[in-house]
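Prediction below, plus the sequence it came from.
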Amino acid sequence: MAAEEITMKKRLLTKLEDRSACLGIVGLGYVGLPLALEFAKAGFHVIGYDVSDRVVNGLNAGKSHIQDVSSDELAAVVKSGKFEATSDESRLREMDAISIAVPTPLAKTRDPDMTYIIAAADAIARNAHPGLLIVLESTTYPGTTRELMQPKLEAAGLTVGEDVFLAFSPERVDPGNPVWNTKNTPKVVGGITPACTEVASALYASCLSRIVPVSSTETAELVKLLENTFRSVNIGLVNEMQIVCDKLGVNVWEVIDAAATKPFGFMKFTPGPGIGGHCIPLDPHYLAWKMRTLNYKTRFIDLASEINSEMPQLVVERVAQALNIDRKPVNGSRVLVLGVAYKKDIDDMRESPALDVIRMLEEQGAKVDYHDPHVASFREDGHEHHSVDLADAALTSADAVVIITDHSSIDYQRVVDLSRVVVDTRNATAGLVKSADMAIA
Ligand SMILES: NC(=O)c1ccc[n+]([C@@H]2O[C@H](COP(=O)([O-])OP(=O)(O)OC[C@H]3O[C@@H](n4cnc5c(N)ncnc54)[C@H](O)[C@@H]3O)[C@@H](O)[C@H]2O)c1
């Protein structure tokens, strides 16, 4: 073990231990901001770096843009001086450890868009100093940390594992989950060298409940991809089961609920209008892309993606069938979409299947309104959409109501009572029947 490594490692471990380390977060979104707060609450001075002035100014004013972080909680750590946000790149120099949580979207071609990681890594390399720990948290293909991040640090004259420490640790945040949060969700950590794993584990152990060290950055990168591919494939399976059950005239929800009574060997997944969010629709494609470069086709990933992406079209077909019973064409009908966020009780609509459903219905000439208690408005394809009040008239005047997201605050009995017909993609109206005195003529 090089003397340099021992000194740098010891110094950093001591700073983490006595909380004198300055911790940095690059990218203050759904992942970065909750993590910044955990570090601040553990007693560290935390600097958040983000390229968006809007985000930075809002956070310094104590206003949270992330549902899982309350403005009160944020304002308290800003006021105490434990957290500050900046868009000044030179402040990266003050940091002893940096966690990177920048976006990893897909390009139109479904190839990884690495521009955010590259920009963040370049900014860090320009400001890096001996003794610095860098942990990539953004979901990405296996090999990113070693093949893309490490060379940038070494080009800056820093030897990874000796002068600086580099690791990957996947973020597992589940926005809106009342039980599992940044603090109590186990954190997987894999470093370029054992020393990198050790210091990165010490960083997270300072404020998170459980650390799971693994043997390499590639392992840690793959853990995240396995987790999200597992979900994508299982959701694809139940979505196909929904199609199967429709053809057989069987209630898929009854089948799933009964299967879920098996105490072993079965895990419950539910069908829906398609998958959304920043993770499940995208992450498996990072792995598929990587494997294509190695001349291997990831068949499960491709098939699940194919089935899941067909679901919005199936929803539109179900709406058309429902209207047909009333002798109405889609063209000219009023359709009210309930819920546009990609999952219940959150405000995130990235990759939401509601967008596809609305677009396809509008393409067929339907007049579409939406109601979502968490999403006041959104812009898509140059059009501004605004949530309508869920007044009685909104329900009674719709030719069809389609539940895309089953937000808890909606009174589904009222929806059933007042709507002409309901297409329910989430089983939110299970067991509800129209109250006799509310029947619509
Ligand atoms: N949202 C989730 O539920 C979730 C869960 C697990 C993992 N992830 C992964 O975590 C990563 C971040 O996702 P997110 O949802 O927090 O994204 P986000 O869009 O909410 O936040 C990213 C932030 O990074 C900033 N940013 C972009 N480029 C930057 C740069 N070069 N330097 C500094 N800041 C920059 C943006 O302005 C934005 O504020 C992604 O790889 C995602 O796949 C997300």
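Thanks, I have it.

State the distance from Leu338 to the ligand.
Separation of Leu338 from the ligand (CB to the nearest ligand atom, to the nearest Å) stands at 23 Å. From N, CA and C alone the C-beta is placed, and that goes for glycine too.

ok, how many other residues are close to that residue?
A count of neighbours around Leu338, defined by other CB atoms under 10 Å, yields 30.

which residues does the residue nearest to it when sequence neighbours are not counted bridge with?
Counting by CB to CB, 6 or more residues apart in numbering, the nearest residue to Leu338 once its immediate chain neighbours are dropped is Ile403, at 4.7 Å. Partner residues in beta bridges with Ile403, using DSSP bridges, are Leu338, Asp424.

Quick one: the strands in the stretch 301-441 of the chain, in order.
334-338, 367-371, 377-380, 383-386, 400-403, 422-424 (DSSP state E, counting those that start in this stretch).

Highest mean neighbour count out of those strands?
Compared across the strands of the stretch 301-441 of the chain, strand 400-403 shows the largest average neighbour count, a mean of 26 (mean count of other CB atoms under 10 Å).

roughly how far is that strand from the heart of the chain?
A distance of 26 Å separates the centroid of the chain from that of strand 400-403, by CA atoms, centre = their mean, to the nearest Å.

Who are the packing partners of it?
helix 299-325, strand 334-338, helix 412-418, strand 422-424 (3 or more CB pairs under 8 Å, 6 or more residues apart in numbering; DSSP states H and E).

now the second one and strand 367-371, what's the angle there?
To tie it back to what came earlier, the one meant is strand 334-338. 20 degrees (axes from the mean of the first three to the mean of the last three CA atoms, to 10 degrees).

hang on, the earlier thing: as a markdown table, the helices and strands packed on strand 400-403 with mean pLDDT would be great.
Converted to a markdown table, the helices and strands packed on strand 400-403 look like this (pLDDT from 0 to 100):
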| stretch | mean pLDDT |
| --- | --- |
| helix 299-325 | 97 |
| strand 334-338 | 98 |
| helix 412-418 | 97 |
| strand 422-424 | 97 |
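
Could you export these to TSV, including columns for distance to Pro194?
Below are the helices and strands packed on strand 400-403 laid out as TSV (distance: least, CB to CB, whole Å):
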stretch	distance to Pro194
helix 299-325	32
strand 334-338	52
helix 412-418	54
strand 422-424	53
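
Which of those has the highest mean neighbour count?
The stretch of the helices and strands packed on strand 400-403 with the highest mean neighbour count (mean count of other CB under 10 Å) is strand 334-338, at a mean of 24.

Output that one as PDB, restricted to C-alpha atoms.
Provided in PDB are the C-alpha atoms of strand 334-338 (Å, rounded to 0.1, in the frame of the first residue of the first chain):
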ATOM      1  CA  ARG A 334     -64.800  14.500 -24.000                       C
ATOM      2  CA  VAL A 335     -62.400  12.400 -22.100                       C
ATOM      3  CA  LEU A 336     -61.300  13.300 -18.500                       C
ATOM      4  CA  VAL A 337     -58.000  11.800 -17.500                       C
ATOM      5  CA  LEU A 338     -57.600  11.300 -13.700                       C
END
